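[1] got a predicted structure here, sequence first:
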Amino acid sequence: MNRLLIKHGRVVDPSQKLDDGMDVLLVDGKVARLAERIDDATAQVFDAAGLVVAPGFIDMHVHLREPGYEYKETVATGTAAAVAGGFTAVCCMPNTSPVNDSAAVTEFIVKRAAAARAARVYPIGAVSKGLAGEELAEIGEMVRAGAVAVSDDGTPVHNAYLMRRALEYTQLFHIPVIDHCEEPALAARGVMHEGAVSTRLGLAGIPAAAEEVMVARDVVLAELTGGRVHIAHISTRGALERVREAKAKGLKVTCEATPHHLALLDRAVADTEFDTNTKMNPPLRSAEHVAALLEAVLDGTVDCLATDHAPHHADEKALEYDLAPFGVVGLETALPVTYDLLVRRHGMPLRTFVSLWSTAPARLLKLPGGTLKPGSPADVTIFNPEARGVVNPERFRSLSRNTPFAGLRLRGWPAATIVGGVVVWQRERR
Amino acid sequence: MGGEGVVRLRSKDLVGIDPLTPGEIRLILDTAVEMREIAQRPIKKVPALRGKTVVNLFMEASTRTRFSFEMAEKRLSADSLSFAAASSSVSKGETLLDTALNLEAMQPDFLVIRHPHAGAPHRLAKVLRSSVINAGDGAHEHPTQALLDALTIRLRRGSLEGQVVAIVGDLAHSRVVRSNVLLLSRMGAKVRVAGPPSLIPVGMAELGCEVYTRMEDAIAGADVVMMLRIQLERQGRMNFPTVREYYDFFALTPERLKLARKDCLVMHPGPINRGVEIDSRVADGPQSVILEQVTNGVAVRMAVLYLLAGGHGEPTAD
């Protein structure tokens, strides 16, 4: 019998509208009881005085790179990074090699995750075979093997006919199609947000319209099909307007925002003199779009937060700005970056913050976590809202170091991560 | 600025106009005026950079700029070697960083780099001990071109202050326009730019210029008209219809030149496309200072090399 008693914490659970000083008892991998005071002589005790105790954080958008790109990240290192960042579960995108477009690859990832014994891993299958955008992958087989959604992330589903069929077919399994919205011809050879900064730097720009055109198309197709479309890493004012309209109409359109799109501006490319850790897709946007994104997170238009954790080897990022790959890591900085920005600086209620990282993604993908209701999985994120720290990539568990946040001072860091009632990570105490 | 003039450059590198102060720009131009005089001597060589080594790394086609740097290096008695290499990516051959580190291991004093990708000199400047000089990076900056253009205007007009300079052409793909707008606006000139709307990048005005779509409006009453090369190799065929139509709307013809001031200077960074962006009658006409620009290019590059090597200018009160 495995009993863990979390005492003296501030329990914040949006699924039960809870924000109170409480003790939480975990027994055999499930939440057993919540009460103002629990005493249990047989349980191991975790003292959470001064800490927030929340249902496990879920990052529904990460790249674990295995199989195929184990020099960037593996399931083991990626999930180690996840738990060190306060995440009890991650959903991994299918752009591996081979692509996760079959039950065999889905099963492989699930097995690797079980062996890693860190965060839970829910694979996301490909929409199309080989991510080629031509024919549907065996979505049902992948769902049976554990996939929780489908996406061609990295590229959009360009072909509107295929997207239509995907939005219809996935209704059989009640899963969303997650789309990376980018009109390829408009994005052209762009490497950063198109605006005054790209003009000054002489870098080819990706206009906000490249994202907005595709979001508009997806909203129209969601209406046509009644399917569920989830917009990955939304980043522009216009795209958010389309999502607002869709929601007002009652369409099944949802979206996520990343910490970097909220915390950084396109100006960072100039300020860092072409540091390739400011290169990601969608690109860091201008102040106007970032303000719109923040507003949409605060007003609930954005359904959840996700990192788009995209590890790349230092050698790849050492190339010229035009040639370096898109993407930044995010698992080990997401919690402090967003806590500092949303809760401390913009006064977001803690319950909303926890929901954006836990309850909301769990509901969106119908995952078992996201709640501390008795009987649910004993996945718990414990963080210290007062802890101060500096982002130090040298200490990352991730195999890659490509963060735009190195050296940033932040307040609000994870303290411990519990998966299935087991403390899988804990911050060293000084 | 009043009081003491600037006598040294702060940085070991010249990666762009953007990091330069007006005092530094003035210092380079003043030094270039002195360097110009060396070319008038029977023996066109001074020992200022004797024992210094310069590597000219040209990863994009160039003849004029490369020869201009080589000429400047020889006139200052530096040892130089040039090589042209295709820019490589990670998939084939050596990375830029590795190439640069290998060159650095031979202990040169300067690395002059021309590169097709914006920001390449900036990244190298951060990791190399030697002085990095940007000889053009993608569509970003071409600082020595802007400096030689400024020198040409100043020698003809006495000052940059208050000059109305119209720059016309492919604004989107031009590093020359970016460096020129930054420099000229910083030195008190009034800069206008014009080009087809499909070749005007977003936020152009924020560099420090007025933006026009009709060429005639931009050159009306101008003191200087600077034509940009249409860079057919840098774009597909969707940005403007044909060269023929481009000539109709954006070429500098004798008729259009009449809209500018009577003694308006005609400039072009070269190589010129005769009959595309500039009519031969204008390119070869009395107002053209296109070849003076080339002459001044050597002087400006001598000045930059000299100053970055630790040389200093005369204290001036300006």
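    Perfect, I can see it now. Numbering: from 1, shown residues only, chains lettered A, B, ... in the order given.
[2] show me the helices in the stretch 101-250 of chain A, by range?
    All helices of the stretch 101-250 of chain A, identified by DSSP state H, counting those that start in this stretch, fall at A:103-116, A:139-145, A:160-169, A:184-187, A:196-201, A:208-225, A:237-248.
[3] just the C-alphas of the third one, formatted as CSV.
    To tie it back to what came earlier, the one meant is helix A:160-169. Extracted in CSV, the C-alpha atoms of helix A:160-169 (Å, rounded to 0.1, in the frame of the first residue of the first chain):
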residue,chain,number,x,y,z
ALA,A,160,-9.0,21.7,-47.4
TYR,A,161,-10.6,18.5,-48.6
LEU,A,162,-8.4,16.4,-46.4
MET,A,163,-9.1,18.7,-43.4
ARG,A,164,-12.8,18.4,-44.0
ARG,A,165,-12.6,14.6,-44.0
ALA,A,166,-10.4,14.6,-41.0
LEU,A,167,-12.9,16.8,-39.1
GLU,A,168,-15.6,14.4,-40.1
TYR,A,169,-13.8,11.1,-39.5
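[4] give me the contacts around that helix.
    A:127-128, A:133-136, A:139, A:150, A:157, A:177, A:179, A:217-218, A:221-222, A:224-229 (CB atoms under 8 Å, 6 or more residues apart in numbering or on different chains). Heads up, the C-betas are built off the backbone N, CA and C, glycines and all.
[5] what angle sits between it and helix A:208-225?
    Orientation of helix A:160-169 against helix A:208-225 (axes from the mean of the first three to the mean of the last three CA atoms, to 10 degrees) gives an angle of 50 degrees.
[6] quick check: buried residues in helix A:160-169?
    Across helix A:160-169, burial judged by 16 or more other CB atoms under 10 Å in any protein chain shown covers A:162-167, A:169.
[7] how far does it sit from the chain's center?
    For helix A:160-169, the separation from the chain centroid amounts to 24 Å (computed by CA atoms, centre = their mean, to the nearest Å).
[8] and B:Leu182, which of the helices of the stretch 101-250 of chain A is closest to it?
    Among these, the nearest to B:Leu182 by CB to CB is helix A:196-201 (8.5 Å).
[9] what's the mean pLDDT across the closest one?
    Confidence for helix A:196-201, expressed as mean pLDDT, is 98.
[10] show me what that helix packs onto, helices and strands only.
    With contacts taken as 3 or more CB pairs under 8 Å, 6 or more residues apart in numbering or on different chains; DSSP states H and E, helix A:196-201 sits against helix A:267-271.
[11] and the helix it packs on, what does it pack onto?
    Here helix A:267-271 touches helix A:196-201, going by 3+ CB pairs under 8 Å, 6+ apart.
[12] can you redo the helices of the stretch 101-250 of chain A as CSV with distance to B:Arg41?
    Shown next, in CSV, are those (distance: least, CB to CB, whole Å):
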stretch, distance to B:Arg41
helix A:103-116, 74
helix A:139-145, 79
helix A:160-169, 71
helix A:184-187, 55
helix A:196-201, 41
helix A:208-225, 57
helix A:237-248, 62
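[13] so what pLDDT did the nearest residue to B:Leu14 once chain neighbours are set aside get?
    Leaving aside its sequence neighbours, B:Leu14 sits nearest to B:Ile133 (CB to CB, 6 or more residues apart in numbering or on different chains; 4.9 Å). pLDDT for B:Ile133: 98.
[14] which residues touch B:Ile133?
    Listed by CB under 8 Å, 6+ apart, the contact set of B:Ile133 reads B:13-14, B:69, B:110-113, B:121, B:144, B:304-305, B:308.
[15] ok, the residue positioned nearest the centre of chain B to chain A distance?
    Central residue of chain B (CA atoms, centre = their mean): B:Gln145, 1.3 Å from the mean position. Separation of B:Gln145 from chain A (CB to the nearest CB, to the nearest Å) stands at 13 Å.
[16] isn't that residue right next to B:Leu182, touching?
    No: using CB atoms under 8 Å, B:Gln145 is not in contact with B:Leu182; the gap is 11.8 Å.
[17] quick revisit: switch the contacts of B:Ile133 over to TSV; also include neighbour count, secondary structure and pLDDT.
    Converted to TSV, the contacts of B:Ile133 look like this (neighbours: other CB atoms under 10 Å in any protein chain shown; DSSP: H, G, I helix; E, B strand; the rest coil; pLDDT from 0 to 100):
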residue	neighbour count	secondary structure	pLDDT
B:Asp13	21	coil	98
B:Leu14	29	strand	98
B:Phe69	28	helix	98
B:Phe110	26	strand	98
B:Leu111	24	strand	97
B:Val112	29	strand	98
B:Ile113	26	strand	97
B:Pro121	31	helix	97
B:Thr144	28	helix	98
B:Val304	25	helix	98
B:Leu305	29	helix	98
B:Leu308	21	helix	97
